[in-house]
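Visitor: Provided below are the primary sequence and the corresponding predicted coordinates.
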Amino acid sequence: MPKSVAPRRLCLSLLAAAAAWCALPARAQTASVGQAAPVFELVDAQGKAVKLSDFRGKHVVLEWTNPGCPFVLKHYGSNNMQGLQKESVAKEVVWLSISSTAPGHYDYLPPTALATKYQGWGAGATALLMDDSGKVGRSYGARTTPHMYVIDPKGVLVYAGGIDDKRSANPEDVKTAKNFVRTALGESLAGKPVSTPTAAAYGCSIKYAAG
């Protein structure tokens, strides 16, 4: 074989590999503060379709949740989450609680059972949404329960992260915690920039479906 053939074949192989790599679909971008919040449509626990676009012109809070998580129990057991939900909804804020737990996982509850659990806790969310595929959770980069997001009336994400600065499962810590979601909402409702737009999320890992 002539010496020039091997390098030529190598070049062609590299070009083919590069072309194949470039042809791969781009990885989905996750939500970023200061950018438009990813739009979505999910079904609530009663089977009704709910679109994020339905609430354009209002503040929206997204709360990723799992009632089997000790960190979620911290905030519901202390009435912290319900109190913030009701306080926010009273100001015409839309609060969407989202379950991205995969069906088949031991923490998964079907819609009726999940709704009954939160009703028993006195939850005050606008809607409880089922994200069984995990598509919406992944589009937001949600990693933990709880993981919180605040969207302004223009559809821009203005806060993403933990509910507060006490990264524990101890309900007593709620009393001295700085609640980032309450602060972000208050500032945004007043037309001010959010002073802490991101914070470390903490809690249990979201039990996403494989894929």
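Guide: Sure, I can see it. In this text the structure is predicted, and so the values were computed from the model without any measurement.
Visitor: which pLDDT value belongs to the spatially most central residue of the chain?
Guide: Central residue of the chain (C-alpha atoms, centre = their mean): Ala142, 4.1 Å from the mean position. Looking at Ala142, its pLDDT is 97.
Visitor: go ahead and confirm it touches Ser205.
Guide: No. Shown here, Ala142 and Ser205 do not form a contact pair, counting by C-beta atoms under 8 Å, at 10.2 Å. Glycine gets a C-beta too; all of them are placed from N, C-alpha and C.
Visitor: separation between the residue nearest to the centre of the chain and Gln46?
Guide: Using C-beta to C-beta, to the nearest Å, Ala142 is found at 23 Å from Gln46.
Visitor: pull the helix or strand with minimum mean pLDDT from this protein.
Guide: Ranked by mean pLDDT, DSSP states H and E, the weakest helix or strand in the chain is helix 5-23, scoring a mean of 34.
Visitor: list of residues touching the helix or strand that that one is followed by?
Guide: Per DSSP states H and E, the first helix or strand lying C-terminal to helix 5-23 is strand 41-44. Defining contact as C-beta atoms under 8 Å, 6 or more residues apart in numbering, one finds that strand 41-44 is touched by Ala49, Val50, Lys51, Leu52, Ile98, Pro111, Ala127, Leu128, Leu129, Met130, Asp131, Val136.
Visitor: now with 6 Å?
Guide: Ala49, Val50, Lys51, Ala127, Leu128, Leu129, Met130, Asp131 (C-beta atoms under 6 Å, 6 or more residues apart in numbering).
Visitor: assign the fifth one to helix, strand or coil.
Guide: Taking DSSP: H, G, I helix; E, B strand; the rest coil as the rule, one finds Leu128 in the strand state.
Visitor: show me what it is bridged to.
Guide: Beta-bridge partners of Leu128, counted by DSSP bridges, are Ser97.
Visitor: do you know how far it is from Ala201?
Guide: From Leu128 to Ala201 the distance is 20 Å (C-beta to C-beta).
Visitor: what do you get for the second one?
Guide: Here Val50 is placed at a distance of 23 Å from Ala201 (C-beta to C-beta).
Visitor: out of the contacts of strand 41-44, which two sit at the greatest distance?
Guide: Lys51 and Leu128 (15.4 Å; C-beta to C-beta).
Visitor: and the two? Which one has more around it.
Guide: Using other C-beta atoms under 10 Å as the criterion, Lys51 and Leu128 rank with Leu128 on top: 24 against 11.
Visitor: do I have it right that the more buried one meets Ala45?
Guide: Yes. The pair Leu128 / Ala45 is scored as a contact, 4.5 Å apart, by C-beta atoms under 6 Å.
Visitor: what sits in contact with each of the two?
Guide: Ala115.
Visitor: what is the end-to-end distance of stretch 102-113?
Guide: 15 Å (C-alpha to C-alpha, to the nearest Å).
Visitor: tell me which residues are up against it.
Guide: With C-beta under 6 Å, 6+ apart as the criterion, stretch 102-113 contacts Ala45, Asn66, Gly68, Thr101, Met130, Asp132, Lys207, Tyr208, Ala209.
Visitor: list the buried residues of it.
Guide: Burial within stretch 102-113, assessed by neighbour count using 16 or more other C-beta atoms under 10 Å, is assigned to Ala102, Tyr108, Leu109, Pro111.
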